[in-house]
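1. Below is the sequence, then the predicted model.
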Amino acid sequence: MNKADAIREVAKNHLHLTNNQIKQELRRQGVLVSSSFIVNVLGSHRKRLALSSYTVDLRKKAQEFLALVGDDYDLARNLLALAATKQD
């Protein structure tokens, strides 16, 4: 597991944790990361707090979407990028 995966695993069900709390938990696991790396992986703490209110529902919908595309993450990402482009 790389550092980014370790950060995601710690924050998976705890989006309310501050960057320092995430760093402390990872340090207990023997993984050293900087706050800026956490922000690069998860976004800012303020943004995570704002998202946490509807994250559970979105995660469920994301899992359904992945199932629709045969659990192909790259295809799902490409389809989302296409959906995000402005249509004329």
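-> Arrived safely, thanks for sending. Residues are numbered from 1 along each chain as shown.

2. Output the longest helix belonging to the protein.
-> helix 55-68 (DSSP state H).

3. Tell me the buried residues in it?
-> Within helix 55-68, no residue is scored as buried using 16 or more other CB atoms under 10 Å. Heads up, the C-betas are built off the backbone N, CA and C, glycines and all.

4. Show residues contacting it.
-> 15, 72, 73, 76 (CB atoms under 8 Å, 6 or more residues apart in numbering).

5. So for the host helix or strand of the last one, what gets flagged as buried?
-> Taking DSSP states H and E as the criterion, the element that holds residue 76 is helix 73-84. Residues of helix 73-84 classed as buried by neighbour count (16+ other CB under 10 Å): residue 76.

6. just stretch 18-38 next, same as before
-> Buried-residue list, stretch 18-38, by 16+ other CB under 10 Å: 19, 22, 23, 25, 26, 31, 33, 38.

7. if we can go back for a sec, on contacts alone, who are the packing partners of the helix holding residue 76?
-> Applying 3 or more CB pairs under 8 Å, 6 or more residues apart in numbering; DSSP states H and E, one finds that helix 73-84 makes contact with helix 55-68.

8. if you set the cut-off to 6 Å instead, what comes out?
-> Under the contact criterion of 3 or more CB pairs under 6 Å, 6 or more residues apart in numbering; DSSP states H and E, helix 73-84 touches no helix or strand at all.
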